[in-house]
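Engineer: 3D model of this:
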Amino acid sequence: MSSFGSCCSDMQDAMTSPPEKLLRVEGNGILYLSVGYANTDQGVGWFDQAVLFCPFCGTALQSHAEILRRAGA
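Structural biologist: A predicted model of the protein is given here:
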C-alpha cells in the first residue's frame, strides 16, 4: 500500500491537517478526494473520486488496476 502524502509537503499537509479533510484513505487502501456534495432527504451525500495523481506535484499515487484490485472488482 502506498504511503499517501510522502510525495510532497503540500500533499502531506493535506492528508494530516484538520479540521476539514477532503482527502481520505478508505479501509481498502484507496485514496479518495471529495469533489462535491448534495443535500438529500437523508442528509448530505458526498461525491468522491479516487485520486490517481497528487493534485500538488503530479506524482502517480495509484493506478486504475490497483483501485480495481483493492475494491474487489
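
Engineer: what's in contact with stretch 53-70?
Structural biologist: Stretch 53-70 has contacts (Cβ atoms under 8 Å, 6 or more residues apart in numbering) with 2, 4, 7-8, 10-11, 14, 28-31, 33, 50-52. (Each C-beta comes from the backbone N, C-alpha and C, glycine too.)

Engineer: got the end-to-end distance for it?
Structural biologist: Taking Cα to Cα, to the nearest Å, the first and last residues of stretch 53-70 lie 17 Å apart.

Engineer: In that stretch, which of the residues would be classed as buried?
Structural biologist: 54, 61, 62, 66, 67, 70 (16 or more other Cβ atoms under 10 Å).

Engineer: Pull up the gap between the fourth one and residue 60, please.
Structural biologist: For residue 66, the distance to residue 60 under the criterion Cβ to Cβ, to the nearest Å works out to 10 Å.

Engineer: Could you do the first one as well?
Structural biologist: When Cβ to Cβ is applied, the distance between residue 54 and residue 60 equals 8 Å.

Engineer: Over to the fifth one?
Structural biologist: Residue 67 sits 12 Å away from residue 60, going by Cβ to Cβ.

Engineer: quick one: low-confidence parts of the protein?
Structural biologist: Residue ranges of the chain with pLDDT under 70: 1-2, 19-20, 73.

Engineer: where exactly do the strands run in it?
Structural biologist: Assigned by DSSP state E, the chain shows strands spanning 23-25, 31-40, 43-50.

Engineer: so which of those is the most packed in?
Structural biologist: strand 23-25 (a mean of 16; mean count of other Cβ atoms under 10 Å).

Engineer: isn't residue 36 right next to residue 47, touching?
Structural biologist: Yes: if you go by Cβ atoms under 8 Å, residue 36 and residue 47 touch, sitting 4.3 Å apart.
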